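give the three-dimensional model of this entry:
(chains A and B)
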Amino acid sequence: MVETFTPAVCGGRVRKHLAAAGFTLGAVGAAALVGGLLGLAGFLAGWRWAVVAAAALALAGALRELGLLRLPLPQVRRQVPDRWRAELPLPVWSVGYGAGLGVGFFTFQPVATFWVACAAAVALARPLPAAGCFALYGVGRALTVLWPKRDAARACERLASRRPALLRANAIALVVCAGLLAASPAVAAQRIPVGTGFDPSVSGTALARAQVVSGAPRVVVEPAGEPPVALDGVKQPSLDGELVALKDPDGIRVSNWRTGEVVAQVPGTVSRPALDWPLLAFVRADGLWKQLVLRDLAAGTERVAATLVRTNDIGRPSLADGRLAWHLVTRSETRIVVLNLASWKRRIVARSRIAVLIHPALSADRVLWIDQRSRMGFVRMRTLSSRRARTETLWTANGRDRLFWTTALAGRTAYVTRWSPATGDSTLLRLDL
Amino acid sequence: MRRPDEVLDGAAQALSARLAAGLTRRSFLGRMGGAILAVTGGATVAAALKPEEAEAFHFCGHIWTTGSCPSPLGIPRIDSHGYPLRAQDGRPIDNLGRLVDAEGYPVDEAGQRLLGPDGDPLERAPRTRLCEDWVPERFEIEARTQGAWYRCCNGQIRKLVDCCSPSRRRINGDASLVGYCWKGRRVFCVMYYDSGLPC
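Numbers count the residues shown, from 1 in each chain, chains lettered A, B, ... in the order given. Here you go, the predicted structure:
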């Protein structure tokens, strides 16, 4: 194919440069597209162990290059269609050649590196960076055409004659990659302590938490890069932009945490607010019953999402992106329930007659909750886009000294409370998913 | 030729029959459990049984090899309905292993409600039966309490209860035994109930 990009074949030096430029554009563009799609697939799938899988594949690839492991590579051993050069205009065939090789799947694969790069792009789970990394693959393809100033075909043959050394060098590179991937913080789902408190709520870059100071409740709102704002005498925060819903002695109030302006109030025996303006979910205790209520603060309407006897527990609801989640704990079972506000259809995403499933938190497409057992606790998560999605375990904690409590979730960041039943002390931790 | 476990099972059955003074394996006491024991059988069984320190596999009275049913604190002590109790004193516990009051709220040793990190009393957790609830969820098999046998442990009559299922594998991971199960079921795991009747 490289013999194609010569002045003789292209019909002049200028046309050769044009063809090379077209080839480069096609190779880089197609490679970037593949990388972006792989990164997007990883983001949507959210496979936590994709990094480990990529590291394992890199190691397997290294063993293959050294001849220690027989590992066939998926590939299509085809040349670029020669007739395109005869039938199509130069800009079209040159870009087409570049795209065909830039994609990577439709050509001979002498080493395993391309497939390791694909696995790493999925593990990266970020489309733009993955596209940028894969674009370099396209640049590499383009260099085979651009770099040899004279006889490109001969240059390729000389490179091919050094295959054993190339394989050894590639094996070393893959081992280094495997080590870097395995040591990646993503493998450990990094847990970062962010101080004392409980009942986390996150909106954008701001975090709110509840604390008990000298027996008195308070809420602290911490916007990124700004001084924290402390609100005394209130608890159970639910943050939504510059608004925060809080439980106070009179009921629930929604206020601007920067200015203190109160924008809405719900008096009575109500608690556990969840705010996604103008919607507010809360628990109302009504004699023998508890109700989970969803109120539209702008329209002044409300609807009851769940009713249960007073002795059962409905927990702290979570409200986000058109869904409402809550836990239900009775003497015989526990459930995590997600309600679609548009269809008003509820789905039980987890249930157990053994474990205590509590404190769900919603993001745009995921739900996270605590699975507490007698000697172990788990932080679980699953996507909501598919009913077949598997439940992931983000964190397993052994022992009874510290238990999981309330949670918050936004994008790929989760906050989890751990507390000590013996002392009542609690700590918030951030999980970067 | 009989398999070793069948030989052992047969010997155990014979021993049980002798000790129970003529009662058959699928005994009246085995089916009627604690109610009959409490009303009429206590004295009879106590008289038939010789006070003995039964050799224990992993708790007193359990001389076979089937493992314990899953339980909140690891030792499968139950009440007469199959709900978990704390082994050392028989106080009711929930699925998290916490002491609970009559309404099921978690309490401390003194009976005071436990508080959460926010200072509010903790809500109730489920309290479910070890055989009928825990075993099916954890092992994805159907199970129910069936047969039992009795031993004298710590001066009182202990009822050792088979949690029986159609599974041919027991909780140990190997082949299950018929034990005191019936209608085609086999012993999946064992639990015990302390009657408090002296022996």
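
could you find the closest non-adjacent residue to A:Ala320?
A:Leu362 (4.1 Å; Cβ to Cβ, 6 or more residues apart in numbering or on different chains). Just so you know, the C-beta spots here come from the backbone N, C-alpha and C atoms, and that holds for glycine as well.

residues touching that neighbour, list them.
A:Ser318, A:Leu319, A:Ala320, A:Asp321, A:Arg323, A:Leu324, A:Ala325, A:Val338, A:Leu409 (Cβ atoms under 8 Å, 6 or more residues apart in numbering or on different chains).

cool, and A:Val76?
A:Phe105, A:Phe106, A:Thr107, A:Phe108.

please narrow those to those residing in helices.
Counting by DSSP state H, none of the members of those fall within helices.

so which of the residues you listed are also by chain B?
Among the contacts of A:Val76, no residue sits close to chain B (Cβ under 8 Å from any Cβ of the partner chain).

out of those, who's the most crowded?
A:Thr107 (19 neighbours; other Cβ atoms under 10 Å in any protein chain shown).

verify the stated contact: that residue with A:Tyr97.
No - contact between A:Thr107 and A:Tyr97 fails when scored by Cβ atoms under 8 Å: they sit 10.5 Å apart.

care to break chain B down by domain?
The record's domain parsing of chain B by automatic domain parsing lists B:4-73+B:130-198, B:96-126.

who does the helix ranked longest in chain A touch, helix- and strand-wise?
Longest helix in chain A by number of residues (criterion: DSSP H): helix A:13-45. In terms of contacts (3 or more Cβ pairs under 8 Å, 6 or more residues apart in numbering or on different chains; DSSP states H and E), helix A:13-45 is packed against helix A:7-10, helix A:90-103, helix A:113-124, helix A:127-146.

tabulate the ones you listed in CSV, adding columns for distance to A:Thr427.
Formatted as CSV, the helices and strands packed on helix A:13-45 follow (distance: least, Cβ to Cβ, whole Å):
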stretch, distance to A:Thr427
helix A:7-10, 67
helix A:90-103, 48
helix A:113-124, 29
helix A:127-146, 32
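
show me where pLDDT drops low in the stretch 51-200 of chain A?
For the stretch 51-200 of chain A, applying pLDDT under 70 flags the ranges A:51, A:77-78, A:124-126, A:148-153, A:155-156, A:182-189.

return the residues of it in contact with chain B.
So the stretch 51-200 of chain A meets chain B at A:Phe198, A:Asp199 (Cβ under 8 Å from any Cβ).

bridged to the residue of the stretch 51-200 of chain A found nearest chain B, which residues?
Taking Cβ to the nearest Cβ, chain B has its nearest neighbour within the stretch 51-200 of chain A at A:Phe198, 4.7 Å off. Residues in a beta bridge with A:Phe198, per DSSP bridges, are A:Ala210.

got a list of what it touches?
A:Arg209, A:Ala210, A:Gln211, A:Trp405, A:Thr406, A:Thr417, A:Trp419, A:Ser426, A:Leu428, B:Pro117, B:Asp118.

7 Å instead?
Applying Cβ atoms under 7 Å, 6 or more residues apart in numbering or on different chains, we find A:Phe198 in contact with A:Arg209, A:Ala210, A:Trp405, A:Thr406, A:Thr417, A:Trp419, A:Ser426, B:Pro117, B:Asp118.

A:Leu341 now?
A:Gly322, A:Arg323, A:Leu324.

rerun at 8 Å
A:Leu341 touches A:Leu279, A:Leu294, A:Gly322, A:Arg323, A:Leu324, counting by Cβ under 8 Å, 6+ apart.

going through those, which ones are buried?
Neighbour counting with 16 or more other Cβ atoms under 10 Å in any protein chain shown marks A:Leu279, A:Leu294, A:Arg323, A:Leu324 as buried within these.

of those residues, closest to chain B?
A:Leu324 (19.6 Å).

name the element the closest one belongs to?
Assigned by DSSP states H and E, A:Leu324 falls within strand A:323-329.

what's the pLDDT at the residue of chain B positioned farthest from its centre?
Here chain B reaches farthest from its C-alpha mean at B:Asp118, the gap being 37.6 Å by Cα atoms, centre = their mean. Model confidence at B:Asp118, given as pLDDT, is 92.

give me the element it is part of.
Going by DSSP H and E, B:Asp118 is not in any helix or strand.

low-confidence regions, the stretch 251-400 of chain A specifically.
Judged by pLDDT under 70, no stretch of the stretch 251-400 of chain A qualifies at all.

what about the strands in it?
A:251-256, A:262-267, A:270-276, A:279-286, A:289-296, A:301-309, A:318-320, A:323-329, A:334-340, A:345-352, A:356-362, A:366-372, A:376-383, A:392-398 (DSSP state E, counting those that start in this stretch).

which ones are touching A:Leu116?
Actually, residue A:116 is Val. It isn't Leu. Taking Cβ under 8 Å, 6+ apart, one finds A:Ala54, A:Leu57, A:Ala58, A:Gly61, A:Leu174, A:Cys177 in contact with A:Val116.

now the last one. Nearest residue, chain neighbours left out?
Distances taken as Cβ to Cβ, 6+ apart place A:Ala58 nearest to A:Cys177, at 4.5 Å, with adjacent residues excluded.

residues contacting the one you found?
A:Val116, A:Ala119, A:Ala120, A:Leu174, A:Val175, A:Cys177, A:Ala178, A:Leu181.

which positions in the longest strand seen in chain B come out as buried?
Secondary structure of chain B per DSSP state E: the longest strand is strand B:186-198. Within strand B:186-198, the residues that count as buried by 16+ other Cβ under 10 Å are B:Arg186, B:Val187, B:Phe188, B:Cys189, B:Val190, B:Met191, B:Tyr192, B:Tyr193, B:Asp194, B:Ser195, B:Leu197.

can you pull the buried residues of stretch A:284-304?
For stretch A:284-304, the neighbour count (16+ other Cβ under 10 Å) marks A:Arg284, A:Lys290, A:Gln291, A:Leu292, A:Val293, A:Leu294, A:Arg295, A:Leu297, A:Glu302 as buried.

show me the strands in chain B, by range?
According to DSSP E, the strands that chain B contains are B:144-153, B:156-165, B:186-198.

how much space between the closest residue to A:Ala119 other than its chain neighbours and A:Leu37?
Nearest non-adjacent residue to A:Ala119, counting by Cβ to Cβ, 6+ apart: A:Ala54, 3.9 Å away. According to Cβ to Cβ, to the nearest Å, A:Ala54 and A:Leu37 sit 16 Å apart.

those two: who's more crowded?
Neighbour totals were compared for A:Ala54 and A:Leu37, and A:Ala54 leads with 26 against 16 (other Cβ under 10 Å).

now the more buried one: which helix or strand?
Counting by DSSP H and E, A:Ala54 is found in helix A:50-65.
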